[in-house]
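Peer 1: Generate a structure from the sequence data that follows.
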Amino acid sequence: MAARFKQADAYYRNHFYARALTEFQAIYDADPEGDFADNALYKIAGIHLKQEQPEKAVVYFQQLQASFPNSPYAEESIYNMGFCYFQMGETKRALETYELYLTRSSARNKNRARVLAAQALSELGRHDEALRYYATASRDERDRNKQIEILQGAKVLIDDHLDTRDLLLRMGDLNAGPVADYVRYRAGKDLLSVREEGQARTVLSGIDFSRSNFQFYQEAQRELDRLAGVKAAPVVASAAPARSKPIQARTAAEDEGDNTPAPEAKSGDGDIPDVPDGGLYDPMADAGLMDDGPVAEGPALHVGVILPLSGRFEVYGTQVLDGIMLAVETSGEQGVPIRVVIRDSEGDENIAASMVEELAADPAIVAIVGPLLVKEADLAAQKADELGMPMLTLSRMEGLVEDKPFVFRAGITFDHQTRALVRYADTHLGATTFAVMHPDNEFGYAFLASLERALDPSRQQMVAAASYPTDETDFRGPIFKIKGADPDAIFIPDSADRVALIAPQLVYFGVKDVELLGPTSWNQPELAEKAGAYLGRAVIVDSFFAESNDPTVRNFTGRFQDMFGREPSRLSAMGFDAVGLIGDAAGSASDTRGALRRSLALIRSHHGATGETSLRGDGEVDKSLFLLGVQDGRIQEKY
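Peer 2: Presented below is the predicted three-dimensional model:
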């Protein structure tokens, strides 16, 4: 049951909600009083909530509380029920649920519950109480971004429902914190707008300037400095203006020194940006659903996975995880079953390293797959080696595995690509002179250096290198420079859409009988569609080709399409093979990390979705890459 739960949880974490729901329901039905029953109910309810089915979710949350009142999941289900009622339009019931949750001493999401209770109170017209909840939440919140969200809610409440007179009457009832200070700031500015300078000085003097982590604190301090010669006066709420006067202020993004456009600030916000569409906190985000803790012991090999599953690189991490999930599902067919414990690095090197520590602390986990990105790989690899945790990194970072006995490479680098291209040009064309046309950026210069390393100086040479701006559309300058050197082959490390612009211009300017060499970035169908007529002598290198006739690749591609309804990417194939390598190693080793490391170093000719793979004793990988060409308007396999 433990292994099945971990598999279901892996589907859940990878957003395979339909499959996860089926598995969790089966786990609960098989043993409704078992060790995993409360967690299964919690996840079933959570899936319904994520799928915007609050009516179904609340039933399972209620069942969890009734059947397992002492479970830690039962307490958090109260919090999530409040969100269900909110989605169902039952605002009063949502408020009652949040208020119940806030009485629990061990509640994990109290601050977010306060914010949602404030929203409910505001909808019910109980604006004074709503303001108090916002004030308490801002007092206890330490994360600045979440403080901004709380202040956004308070600002909307003030803008829509509270005038200056209301603010003056309620200042003394608020807990100290950013919202309480913001109320004083707004009231003080409003008093200044009607020339009540003495009262304004009294109000602004009550702000706690020891915080000063928002721009409105600085604005308030400037006003106090300006009023230094004005005698403070008692505050008379009845004499205050009925509505707040618009006040121009900076936005939060400007306050942080960010040059990107920020939401236009409403009047008098003092650097609090407008509340975004969709409201404030989403209870299902971050800690909305509880983690499960360490992996339970079970009859399977447990592997940690560290990938960027949120943020700007989420799309790449998810592609890798798709391949990993297919490998997990099929792992028991020919060897030891594998279960994965998935962690999100968020594309951050420090988070990735901390995830290595967390996974290494669980004795059931024998290896880690990941990280993926260059910027997060080095620190994580160092930590894995230091802790004696076998790691198959997917990063292309050169030198990453050097002097790290527990770290192995599962992906390919720039050097793998250039060596394969030079070897092809040498073997099939007898090429001895090479040129490079590359974009004027880090990617282009890294590939230029890689090609130089790949050449045999005793019989091969780089005869020309020409760069161009990344937004260039007229390539005659670099083309004439390359043409004058008369190379046997031209390497163009750029994206497929850029190459589609370059290839016709090469022909137009008389560069016709030269082999064009391209890295993995060329392997896109649109390249053949747009410029296939000009790429008859092109060769592309890649670690994966979905249309290959290789039986292993065809089997992988077919099963992937059955599971996900789409063609796999290179990253998915890489994730699939990384798990396969661990499975191969585990088949000839005990379940200890040291034994697995030794077995990984002995893997030779693992035939997977990305071709033949051998792991060397120094942690580097040797791979037989696919060589592709363009023919009949399609990219096709050459060798």
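
Peer 1: could you pull out the helices for the stretch 401-550 of the chain?
Peer 2: Along the stretch 401-550 of the chain, counting by DSSP state H, counting those that start in this stretch, helices occupy 414-429, 442-454, 476-485, 496-508, 525-531.

Peer 1: So for residue 125, which of those helices sits nearest?
Peer 2: Nearest to residue 125, of all these, is helix 496-508, at 55.3 Å by Cβ to Cβ. Where you see a C-beta, it was placed from the backbone N, CA and C, and this is true even at glycine.

Peer 1: Isn't residue 583 up against residue 332?
Peer 2: No: in this structure, residue 583 is not within contact of residue 332 by Cβ atoms under 8 Å, at 9.4 Å.

Peer 1: Between these two, point out the one with more neighbours.
Peer 2: residue 583 (22 against 14; other Cβ atoms under 10 Å).

Peer 1: Spatially nearest residue to the most far-flung residue of the chain relative to its centre (excluding sequence neighbours)?
Peer 2: No residue in the chain sits farther from the centre than residue 231, which is 54.2 Å out by Cα atoms, centre = their mean. What sits nearest to residue 231 in space, not counting adjacent residues and going by Cβ to Cβ, 6 or more residues apart in numbering, is residue 198, at 5.7 Å.

Peer 1: Tell me the secondary structure of the one you found, please.
Peer 2: At residue 198, secondary structure determined by DSSP: H, G, I helix; E, B strand; the rest coil is helix.

Peer 1: For the stretch 201-350 of the chain, just list every one of the helices.
Peer 2: Taking DSSP H, counting those that start in this stretch as the test, the helices found in the stretch 201-350 of the chain are 215-226, 252-255, 314-330, 349-360.

Peer 1: For the last one, which outside residues touch it?
Peer 2: With contacts defined as Cβ atoms under 8 Å, 6 or more residues apart in numbering, helix 349-360 is touched by 304, 306, 341, 343-345, 365, 368, 370-371, 375-380, 382-384, 387-389, 391.

Peer 1: still on that earlier bit, what is in contact with residue 583 and residue 332 at once?
Peer 2: Common neighbours of residue 583 and residue 332 (criterion: Cβ under 8 Å, 6+ apart): residue 338.

Peer 1: Low-confidence regions, the chain specifically.
Peer 2: The chain contains residues with pLDDT under 70 at 1-4, 6-7, 13-16, 212, 232-233, 235-299, 334, 588-591.

Peer 1: Dead centre of it: give me the residue that sits there.
Peer 2: Compute the mean C-alpha point of the chain, and by Cα atoms, centre = their mean the closest residue is residue 310, 1.9 Å away.

Peer 1: Contact partners for that residue?
Peer 2: Contacts of residue 310 were listed using Cβ under 8 Å, 6+ apart, and they are 344, 346.

Peer 1: Kindly state which of the helices of the stretch 201-350 of the chain is positioned closest to residue 492.
Peer 2: Within those, the stretch nearest residue 492 is helix 314-330; the backing value is 23.1 Å (Cβ to Cβ).

Peer 1: Tell me the helices and strands packed up against the closest one.
Peer 2: If contacts are counted by 3 or more Cβ pairs under 8 Å, 6 or more residues apart in numbering; DSSP states H and E, helix 314-330 sits against helix 2-13, strand 301-307, strand 338-344, helix 551-564, helix 570-587.

Peer 1: Can I get these in a markdown table including distance to residue 636?
Peer 2: A markdown table is the format used below for the helices and strands packed on helix 314-330 (distance: least, Cβ to Cβ, whole Å):
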| stretch | distance to residue 636 |
| --- | --- |
| helix 2-13 | 35 |
| strand 301-307 | 31 |
| strand 338-344 | 34 |
| helix 551-564 | 14 |
| helix 570-587 | 17 |
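
Peer 1: Packed most tightly, which of these would that be?
Peer 2: Per residue and on average, the most neighbours among those fall to strand 301-307, with a mean of 28 (mean count of other Cβ atoms under 10 Å).

Peer 1: what's the angle between it and helix 570-587?
Peer 2: Interaxial angle, strand 301-307 versus helix 570-587 (axes from the mean of the first three to the mean of the last three Cα atoms, to 10 degrees): 150 degrees.

Peer 1: Use 639 as the first number from now on
Peer 2: In the new count, where the first residue is 639, that last one comes out as strand 939-945.

Peer 1: Okay, angle between strand 939-945 and helix 952-968 too, please.
Peer 2: Put simply, strand 939-945 runs at 170 degrees to helix 952-968, going by the same axes, to 10 degrees.

Peer 1: Which other helices and strands does strand 939-945 contact?
Peer 2: Short answer (3+ Cβ pairs under 8 Å, 6+ apart): strand 939-945 packs on helix 952-968, strand 976-982, helix 987-998, strand 1003-1007, helix 1208-1225.

Peer 1: need these in CSV with distance to residue 669, can you?
Peer 2: Formatted as CSV, those follow (distance: least, Cβ to Cβ, whole Å):
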stretch, distance to residue 669
helix 952-968, 22
strand 976-982, 19
helix 987-998, 28
strand 1003-1007, 25
helix 1208-1225, 28
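
Peer 1: Show me the one of these that comes nearest residue 778.
Peer 2: Residue 778 lies closest to helix 987-998 among the helices and strands packed on strand 939-945, at 24.1 Å (Cβ to Cβ).

Peer 1: Quick one: work out the angle between the closest one and strand 939-945.
Peer 2: Counting by the same axes, to 10 degrees, helix 987-998 lies at 170 degrees to strand 939-945.
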